[in-house]
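Enquirer: Let's see this in three dimensions:
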Amino acid sequence: MAITQTILTQDLADVLALIDNMPDMLCDEMLDLQHVAAFLPRTKILASMDYAVTTGSDLCIIFVGACQIVEKSYLSLLPWNLTIFRDIVVSLARNSPDALLLMVSNPTNILTYIT
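Expert: Predicted coordinates for the structure are as follows:
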């Protein structure tokens, strides 16, 4: 969420599209950002469960995945996150083939390499 708030407050995007597979979480995130955006110049905020909302994106920031358990290492997240990322990357590539992908999920180095 810090990344999206920075994008808004620094006026770095014309459109900010949020995607989440949990509708309640998606709605909460969008409402939080719209509250911040009400005091800022121009960024349009979109929220959807459909990756088509990203069509034509220049940058896609991926910060999703399984939650880390305290006793486990980042590598223990790999099997779950790899499954999630395969679906996400394919959908983003289909809708925004020229977009840069910024990986912000663990284990970052392995997921970046695989992506």
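
Enquirer: Give me the mean pLDDT for the lengthiest helix in the chain.
Expert: Identified as the longest helix of the chain according to DSSP state H is helix 78-95. Averaging pLDDT along helix 78-95 yields 87.

Enquirer: Could you name the helices and strands sitting against the very next helix or strand once past it?
Expert: Where DSSP states H and E defines the elements, the next helix or strand beyond helix 78-95 is strand 100-103. Counting by 3 or more Cβ pairs under 8 Å, 6 or more residues apart in numbering; DSSP states H and E, the packing neighbours recorded for strand 100-103 are strand 59-62. C-beta coordinates here come from the backbone N, C-alpha and C atoms, glycine included.

Enquirer: If you count contacts, what does the strand it packs on end up packed against?
Expert: Short answer (3+ Cβ pairs under 8 Å, 6+ apart): strand 59-62 packs on helix 78-95, strand 100-103.

Enquirer: the strands in the chain, which residues?
Expert: Taking DSSP state E as the test, the strands found in the chain are 15-19, 44-48, 59-62, 100-103.

Enquirer: Format those strands as a markdown table; extra columns: mean pLDDT.
Expert: A markdown table is the format used below for the strands of the chain (pLDDT from 0 to 100):
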| stretch | mean pLDDT |
| --- | --- |
| strand 15-19 | 89 |
| strand 44-48 | 90 |
| strand 59-62 | 89 |
| strand 100-103 | 88 |
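
Enquirer: Please identify which of these is closest to Thr4.
Expert: Set against Thr4 and scored by Cβ to Cβ, these come closest in strand 15-19, at 6.3 Å.
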